[in-house]
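**Student:** Need the 3D shape of this:
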Amino acid sequence: MAELTVDLTYGQALFEAAQECNKVDVFAEEGRAMVDIFRNEPEFLEFIASPVHAAAEKKETVSKVFEGRVSQELVNLLYVLIDKGRAKHFERIIKRYLELLDESHGFSRGTIYSVAPLTDAQLASIEEQTGKLLKKQVKLENLIDATIIGGIKVYVEGKMIDASIQKRLISLAETLK
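**Tutor:** Numbering: from 1, shown residues only. Coordinates of the predicted model:
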């Protein structure tokens, strides 16, 4: 539970700092780029998250990699996370930051699961329908899930819309019992 608090607390603080210095979109773009670096170079994230290495050594490496390439505020956030032993949370902090950014623009992000990739037109139609249900603009990421047999599952704001064949079969089986 404490890990969730870390993401929420730092994500909120970063968002408020971005608003104060008028760099909301800059932090979003740079934060995504930094997350991509950590995903592509997992050893780098392991290094800065490891308690084995000294904080000064980690900060020096972070400085060499990021200073002058991203906002100093994001570098400073990484320094604080290193000092507090929370560098491994960086990706989730950026994710929370992006959620707050989306909320400030009046839309929510979610995930739609389907057996095969959806076309842009299908995705747009489902986003529109989901948006009407939630009374918000919705942006969905399409992920593949072969276990649903057919149909879709949509997750937005902790809510699930299950229009999968798997769900229909389970409902039918329960009805026949």
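
**Student:** can you give me the strands in the chain?
**Tutor:** 107-114, 137-144, 151-156, 159-164 (DSSP state E).

**Student:** who touches the second one?
**Tutor:** Applying CB atoms under 8 Å, 6 or more residues apart in numbering, the contact partners of strand 137-144 are 102, 106-118, 123, 126-127, 130-131, 154, 156. Every residue, glycine included, has its C-beta placed from N, CA and C.

**Student:** how about the longest helix belonging to the chain: buried residues?
**Tutor:** For the chain, the helix that runs over the most residues, judged by DSSP state H, is helix 2-20. For helix 2-20, burial by neighbour count (16 or more other CB atoms under 10 Å) applies to 6, 7, 10, 11, 14, 15, 17, 18.

**Student:** low-scoring pLDDT stretches of the protein, where are they?
**Tutor:** 1-4 (pLDDT under 70).

**Student:** quick one: the helices in it?
**Tutor:** Under the criterion DSSP H, the chain contains helices at 2-20, 24-40, 42-49, 55-66, 72-84, 90-104, 120-134, 165-176.

**Student:** closest to residue 149 out of those?
**Tutor:** helix 165-176 (4.2 Å; CB to CB).

**Student:** what about residue 40, neighbour count?
**Tutor:** Neighbour count of residue 40, defined by other CB atoms under 10 Å: 9.

**Student:** next one: residue 28
**Tutor:** Per other CB under 10 Å, the neighbour tally for residue 28 reads 18.

**Student:** before we move on, the earlier item: go through the helices of the chain and pick out the most buried.
**Tutor:** Among the helices of the chain, ranked by average contacts under mean count of other CB atoms under 10 Å, first place goes to helix 90-104 (a mean of 19).

**Student:** Need the contact partners of that helix.
**Tutor:** With CB under 8 Å, 6+ apart as the test, helix 90-104 has contacts from 3, 6-8, 10-12, 14-15, 18, 24-25, 27-28, 31-32, 34-35, 38-39, 45, 77-78, 81, 108-109, 139.
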